[in-house]
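Chemist: Predicted coordinates and the sequence they were generated for:
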Amino acid sequence: MKPFTYLTPHTLDEAVSLYESHEGRAAYIAGGTDVLIKIKEEKIEPDYLISLAHIPVSEGVRFNEDTRALHISAFTTHRTLELSPLIRRDYPILHDAVKNIGSVQIRNTATIGGNLANAVPSADGAIPLITMDAVAHIYGTKGERTVDLIHFFLGPGQTVLEKGEILTEIVVPPAPARTGSAYIKFGRRKAMELPLLGVGMLLSLDADMTTCVKVRIGLGVAAPTPIRAYNAERFLKGREVTDATLAEAGQIAADEARVRDSIRGVAWYRRELVGVLVKRMGALCRKRITDEKSIS
C-alpha cells in the first residue's frame, strides 16, 4: 500500500481548505471501511487522507419536534442507527437495512455518509433513505447546499459531490399518519455479502385503512444507481391495497427495473425478484400499520 499523510482537521472549513491545498492528491476518510479497501486495491492512491472524525459535528440522530423531521449526521455509524430506539420504533425501513450491513465490527466503524458517498448500486443505506424522500446536506467552498437524495447518485461510484465537498447530514421529512415501511436485503445466504436485490417500501393508508394515499418504492441493484419505481407508485396510489394490487404493482416495478447479469445473479431472476419482493414489502408495510394501530 502506498504511504500517505494523515491529516486531522477540526472544522469543516479546515477540511475543505486542506482538500483544496492538496487537490488531486487527497481523499476524505470517515470510518474508512471503503476508502482503505480502495487504497489497498490501488483504485485510488492519495498522498493525503483527510480525516473527518475530529470535526465536532453532532454524531447520531435527532428528531426535530417543530418540523417533525429526522436529522442524521453523515458521520453516524451504522451501529448507532441500528441501536437507536427512535430508528427502530419510527423508521423501521432504515433499521431493517442497517442491521444487515456487514458485521458488527464494520457497523461500529462504517458511517451512513460513507455508504452514500461510495455510491455503489447495492448500498443498503441508500434505498431506505430515497424511499423516505430524504434530502442530503452538502458543504464545500461555496457553503452549504441541499440535494434530494434520489438525485444524489449519478452512476456507480459517482455522485453530485463536487471536488472538496463533504456530505454532512441527511434529513428525512415527516410521513403521514398510518404509515408503514420495510426493507429487504435479498441474498443467496445470510452472511456478509452484497445483495442480489434490495427493495424498500413506504406505504401510507387513508383513514379507512385500506386505500393507499402515499407510496414510495426504492430498488437497489436494479439499475446503475438506486432508483424509485415511479410507475408502480402511480399505479398503487389511490387504490385499495390488496394482495392483487400489490402483486400488480410489483410487476410494474419489475418492468421499470434496469437489471443486468452479474457474477451474483442473472437479469431475469433479479426482475422476477422485484415483483415478488415489492408485493412482500407492501404486505409487511400494511401489517406494520395495522399492528401500530392496534397498539395505539
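Modeler: Perfect, I can see it now.

Chemist: pLDDT of the strand or helix carrying Val213, averaged?
Modeler: In this structure, Val213 sits in strand 212-220 according to DSSP states H and E. Mean pLDDT, computed over strand 212-220, is 97.

Chemist: mind listing what it pairs with, with the direction of each?
Modeler: Strand 212-220 has the following strand partners under DSSP bridges: strand 197-205 (antiparallel), strand 227-228 (antiparallel).

Chemist: Give the residue spans of the stretch 101-250 of the chain that score low on pLDDT.
Modeler: Scanning the stretch 101-250 of the chain with the threshold set as pLDDT under 70 gives 188-193.

Chemist: Centre-most residue in the chain?
Modeler: Centrality entry for the chain: nearest residue to the mean C-alpha point is Ala126, 1.6 Å, by CA atoms, centre = their mean.

Chemist: what's it in contact with, if anything?
Modeler: The contact partners of Ala126, by CB atoms under 8 Å, 6 or more residues apart in numbering, come to 115-116, 149, 153, 218, 220, 226. Every C-beta, even on glycine, is put in place using the N, C-alpha and C of the backbone.

Chemist: So it versus Glu45, what's the distance?
Modeler: Distance, Ala126 to Glu45, using CB to CB, to the nearest Å: 27 Å.

Chemist: picking up where we left off before, tell me which of the strands paired with strand 212-220 sits most buried.
Modeler: Highest mean neighbour count among the strands paired with strand 212-220 (mean count of other CB atoms under 10 Å): strand 197-205, with a mean of 28.

Chemist: mind exporting that one as CSV, just the C-alpha atoms?
Modeler: Extracted in CSV, the C-alpha atoms of strand 197-205 (Å, rounded to 0.1, in the frame of the first residue of the first chain):
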residue,chain,number,x,y,z
LEU,A,197,-31.5,-7.1,-4.8
GLY,A,198,-32.6,-4.6,-2.2
VAL,A,199,-36.2,-3.4,-2.0
GLY,A,200,-37.7,-0.7,0.2
MET,A,201,-41.2,0.4,0.5
LEU,A,202,-43.1,3.1,2.4
LEU,A,203,-46.9,2.9,2.4
SER,A,204,-49.5,5.3,3.9
LEU,A,205,-53.2,4.4,4.2
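
Chemist: tell me what the lengthiest helix in the chain is packed against?
Modeler: Looking across the chain with DSSP state H, the single longest helix is helix 267-295. Judged by 3 or more CB pairs under 8 Å, 6 or more residues apart in numbering; DSSP states H and E, the packing partners of helix 267-295 are strand 179-186, strand 197-205, helix 243-256.

Chemist: residues of that helix that come out buried?
Modeler: Buried residues in helix 267-295, counted by 16 or more other CB atoms under 10 Å: 270-286, 288-289, 292.

Chemist: Just want the angle from it to helix 243-256.
Modeler: 140 degrees (axes from the mean of the first three to the mean of the last three CA atoms, to 10 degrees).

Chemist: any idea of the mean pLDDT for helix 267-295?
Modeler: The average of the pLDDT scores along helix 267-295 is 90.

Chemist: That helix to strand 179-186, inter-axis angle?
Modeler: Going by the same axes, to 10 degrees, helix 267-295 is angled at 140 degrees with respect to strand 179-186.

Chemist: First-to-last residue distance for stretch 86-104?
Modeler: One end of stretch 86-104 sits 20 Å from the other (CA to CA, to the nearest Å).

Chemist: Give me the residues contacting that stretch.
Modeler: For stretch 86-104, using CB under 8 Å, 6+ apart, the contacting residues are 33, 61, 63, 70, 78-79, 81-82, 84, 107, 110, 112, 115, 124-125, 127-129, 131-132, 172, 180-185, 192, 198, 200-202, 288.
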